[in-house]
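Enquirer: here is a sequence together with a model predicted from it:
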Amino acid sequence: MPFITPMSTPASPSSALLHFGDGEFAVLQPGAFVRCAVSGVAIPLAALRYWSTERQEAYAGPLEYMKALRDA
C-alpha cells in the first residue's frame, strides 16, 4: 500500500469567513468561497461583488441583494 502524504491529497474547498466593509472585505478565515445569504449558492471570493455591511451578508448578485432588502 503506497504511503499518502497530506500534500498528495486534493484540498477540499472550504468556506471563508469575511468581515464586510464599505467597498472592501477582510478575510478573517481563509477559504475558497462564501455562501449567498439568499440563495445559498457558493460565491468564489474573486467574484464577490455584492454584500451588506449592516447585515454582514454576501449576495450572489444584484437580484439577491434586492430580495434581501425587500424581505428585511
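Expert: Everything's here; your move. What you see is a predicted model, and the numbers here were worked out from it, not measured in a lab. Numbering: from 1, shown residues only.
Enquirer: let me know how buried residue 16 is, in neighbour terms.
Expert: 20 (other CB atoms under 10 Å). For every residue, glycine as well, the C-beta is placed using N, CA and C.
Enquirer: over to residue 46?
Expert: Residue 46 has 8 neighbours, counted by other CB under 10 Å.
Enquirer: pass me the low-pLDDT residue ranges in this structure, would you?
Expert: For the chain, the stretches with pLDDT under 70 are 1-12.
Enquirer: would you state the helices of it in chain order?
Expert: 62-71 (DSSP state H).
Enquirer: please name the residues that touch the residue positioned nearest the centre of the chain.
Expert: Nearest to the geometric centre of the chain sits residue 34, at 1.3 Å (CA atoms, centre = their mean). By CB atoms under 8 Å, 6 or more residues apart in numbering, residue 34 lies in contact with 15-16, 18, 42-43, 45, 48, 58.
Enquirer: redo that, cut-off 10 Å
Expert: 15-18, 20, 25, 27, 42-45, 48, 51, 57-60 (CB atoms under 10 Å, 6 or more residues apart in numbering).
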